[in-house]
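1. got a predicted structure here, sequence first:
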Amino acid sequence: MTAPSSAPGNPAPITDLSALRIRARRRRQLNIYGLRVLVAVLVLGSWELTTRIGIVDQFFFGQPSGIARQLWIWITEETALGPLWQQVLVTMEETVLGFIVGTVLGVVIGVLLGRNRLLADVFSIYIKAANAIPRVVLGALFAISLGLDIRSKVATAAILVFFVVFFNAFQGVREVERNLIANARILGADDRRLTTEVIIPSALSWIIASLHISFGLALVGAVVGELFGATQGVGELIYSAEHNFNANGVFAGMLLLAAMALLAEAIITALENRLVRWRPPAVGSEVQI
Amino acid sequence: MTPAIELRGVTKRFLTPSGGVYTALRDLNLTVQPGEFCAVVGPTGCGKSTTLALISGLEPASEGEVLVLGKPVHGIAEDIGYVFQTDAVFPWKTVLDNVAAGPRYHGRTTGQARSMAREWISRVGLSGFEDRYPYQLSGGMRKRVALAQSLINEPQILLMDEPFSALDVQTRALMENELLSLWANTRASVVFVTHDLEEAIALADRVFVISAGPGTVKANYPVPLSRPRNVTEIRMQPQFSQIYGEIWNDLRDEVLVSYERQKLSGAA
């Protein structure tokens, strides 16, 4: 896939090469942005068009302009549940709390079971069984046992996050290179140091990879929790829009959730770049010319 | 004088994944005097690395006695340094923190450990690279980090498992000379495992030849070449070739045995 950068016998000067490289990279970036806009225009345009001329019923499927109008009303005036920022904040709070609780539990229990063979053998069957249940239904249970306040949503989000992080932490601990463990022990590390200085840093790439997926799951947990009963939040907003047969409202709520997920993704990526600075940069990011 | 390392009638068996028993070492006797640089040579799969694992306490012996500094080995022994064949520096630590790991594990504060580490980093010629991560270094530089990381603990016993086998020839000669000059200042007892007989003679005071697996010591040869040595120049000496000839006579038979077996198991 690497094309020779210049004809043999006629090598380009190094400065030219790097200028070429930078230009190629910029051109590629522009192309990508352009294509992305094109995809959005095509999808939204055909959606708008087909609903306007009546091939698709906008009562059931909404309409991009209607969704934009709905969002505008929510932002400038207010939603059926109060100011929009408050709904976003409530859902964000539930999501972040659930994410943190689930991640901490997942890492702690994952490392514990990864380090202890007996515990792992005893509990593995129960964890597999629990993982096989569609866990969102636990949201219903939490709504009964924890009530309709924030706790039931946090619990639903946390339980979804827990399993993903747990399995990654467990696997990460198991995959630590034996050489590194031997080296640390020879250098004088006790069990505690071994865990904090070798096992956890080594498992961190696995754990962080799971955080990308699990924030999305935390959001699902919070919204499902709200659907099972709530007074505020984006999930509740979607629920009330659905009750009023307001398809545009449902889509507008989805758009809000997507924006929240993208924001969180950016934060997690920044965190990842900080925490695993020691990893060589990915090879694929190099632009070929 | 108590020997630094003594293996008496040591046998090591492993359970293979299929449930069989594999004997890596059988009735191995080996003695290393304090301050002595010993090399262990032998054909592939003869249990050279296993010997180091037993001395370090990473693996227990199935039979026989392993004594380090006169005391039987139970678990990881104190006063031991180990340079592994493959990279074992911590990829998530900078050069400075990699070298500082040993003193920190032994209870020094991070500040103390780092200033000790700075000194060792300059001794292995890596000043200016303190803040790099291992992936940013060349293979030779990573070996220097590994050396400093082991030597900073001032071990009385230094175990080295083909540490330079992955390096190119020039870097390798450079590292061998540096190892000798570093070792001259510590006078630790060294067990240096290698498959390269030339490297063994150039570095060591004594060369042990291990037989094709199950490994046992077939013979040991003193190397009466004067020190300080330069590993590239010493190879030109007539005495070097004479010692080489003697040991190779022994080693060749074992290499052939091991090779025949590999061909057989490959054909099976």
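-> It's in.
2. residues making contact with stretch B:184-193?
-> When contacts are taken as CB atoms under 8 Å, 6 or more residues apart in numbering or on different chains, the neighbours of stretch B:184-193 outside the stretch itself are B:4-5, B:32-40, B:48-49, B:51-52, B:55, B:81, B:151, B:154-163, B:183, B:200, B:203-204, B:227-228. Every residue, glycine included, has its C-beta placed from N, CA and C.
3. mind doing that once more with 6 Å?
-> For stretch B:184-193, contacts defined as CB atoms under 6 Å, 6 or more residues apart in numbering or on different chains pick out B:4, B:32, B:34-40, B:48, B:155-162, B:203.
4. which of these are buried?
-> Among the contacts of stretch B:184-193, the ones that count as buried by 16 or more other CB atoms under 10 Å in any protein chain shown are B:4, B:32, B:36-40, B:48, B:155-162, B:203.
5. circling back to that earlier point, take the contacts of stretch B:184-193 and keep only those in helices.
-> Using DSSP state H, the members of the contacts of stretch B:184-193 that fall within helices are B:48, B:203.
6. restrict the contacts of stretch B:184-193 to those near chain A?
-> Restricting the contacts of stretch B:184-193 to those within reach of chain A (CB under 6 Å from any CB of the partner chain) leaves nothing.
7. now whatever helix or strand residue B:249 lives in: buried residues?
-> Under the assignment given by DSSP states H and E, the secondary-structure element containing residue B:249 is helix B:238-267. For helix B:238-267, the neighbour count (16+ other CB under 10 Å) marks B:240, B:243, B:244, B:247, B:248, B:250, B:251, B:254, B:255, B:258 as buried.
8. what's that helix packed up against?
-> For helix B:238-267, the packing partners by 3 or more CB pairs under 6 Å, 6 or more residues apart in numbering or on different chains; DSSP states H and E come out as strand B:206-210.
9. within the sheet, what are the partner strands of the strand it packs on, with directions?
-> When sheet partners are counted by DSSP bridges, strand B:206-210 sits next to strand B:37-41 (parallel), strand B:217-222 (antiparallel).
10. re the thing from before, and of the buried residues of helix B:238-267, the nearest to residue A:255?
-> Each of these was scored against residue A:255 by CB to CB, and residue B:258 proved nearest at 68.6 Å.
11. for the closest residue to the closest one other than its chain neighbours, grab phi and psi.
-> Take residue B:258 and drop its neighbours on the chain: the residue closest to it by CB to CB, 6 or more residues apart in numbering or on different chains is residue B:43, 3.6 Å away. Dihedral pair for residue B:43: phi -70, psi 170, per degrees, to the nearest 10.
12. tell me the buried residues in the longest helix along chain A?
-> Of all the segments of type helix in chain A, defined by DSSP H, the longest one is helix A:14-52. Using 16+ other CB under 10 Å as the burial criterion, the residues of helix A:14-52 that qualify are A:47, A:48, A:51.
13. could you do stretch A:55-72 as well?
-> A:56, A:58, A:62, A:63, A:64, A:66, A:67, A:70, A:71.
14. ok, of the buried residues of helix A:14-52, which one's closest to residue B:134?
-> When the buried residues of helix A:14-52 are compared for distance to residue B:134 (CB to CB), residue A:47 wins out at 51.7 Å.
15. what sits against the nearest residue to that closest one once chain neighbours are set aside?
-> Once its chain neighbours are removed from consideration, residue A:47 has its nearest residue in residue A:64; the separation is 5.6 Å (CB to CB, 6+ apart). Residue A:64 makes contacts with A:44, A:47, A:48, as judged by CB under 6 Å, 6+ apart.
16. same question for residue B:104.
-> The contact partners of residue B:104, by CB under 6 Å, 6+ apart, come to residue B:113.
17. and with 7 Å instead?
-> Residues near residue B:104 by CB atoms under 7 Å, 6 or more residues apart in numbering or on different chains: B:110, B:113.
18. confidence score at it?
-> Looking at residue B:104, its pLDDT reads 95.
19. next SSE after the helix or strand encompassing it?
-> Assigned by DSSP H and E, residue B:104 falls within helix B:95-105. Stepping forward along the backbone from helix B:95-105, the first helix or strand reached (DSSP H and E) is helix B:110-123.
20. and the angle from that next one to helix B:95-105?
-> Calculated by axes from the mean of the first three to the mean of the last three CA atoms, to 10 degrees, helix B:110-123 forms an angle of 130 degrees with helix B:95-105.
21. what about residue A:236, distance to residue A:76?
-> Look at residue A:236 and residue A:76: by CB to CB, to the nearest Å, they are 20 Å apart.
22. follow-up on the earlier one: point out the other helices and strands that the longest helix of chain A packs with.
-> Contacting helix A:14-52 under the criterion 3 or more CB pairs under 7 Å, 6 or more residues apart in numbering or on different chains; DSSP states H and E are the following elements: helix A:64-76.
23. how about the residues of the stretch 1-150 of chain B that lie near chain A?
-> In this structure, the stretch 1-150 of chain B approaches chain A at residues B:56, B:58, B:76, B:80, B:82, B:84, B:86, B:88, B:90-92, B:101-102, B:105-106, B:133, B:135, B:149, judged by CB under 7 Å from any CB of the partner chain.
24. residue B:253 is in contact with residue B:42, correct?
-> No - look at residue B:42 against residue B:253 with CB atoms under 7 Å: they stay out of range, at 11.4 Å.
25. for chain B, give me the ranges with low pLDDT.
-> Counting by pLDDT under 70, the ranges of chain B that qualify are B:266-268.
26. tell me, what residue is most central in it?
-> Nearest to the geometric centre of chain B sits residue B:160, at 1.7 Å (CA atoms, centre = their mean).
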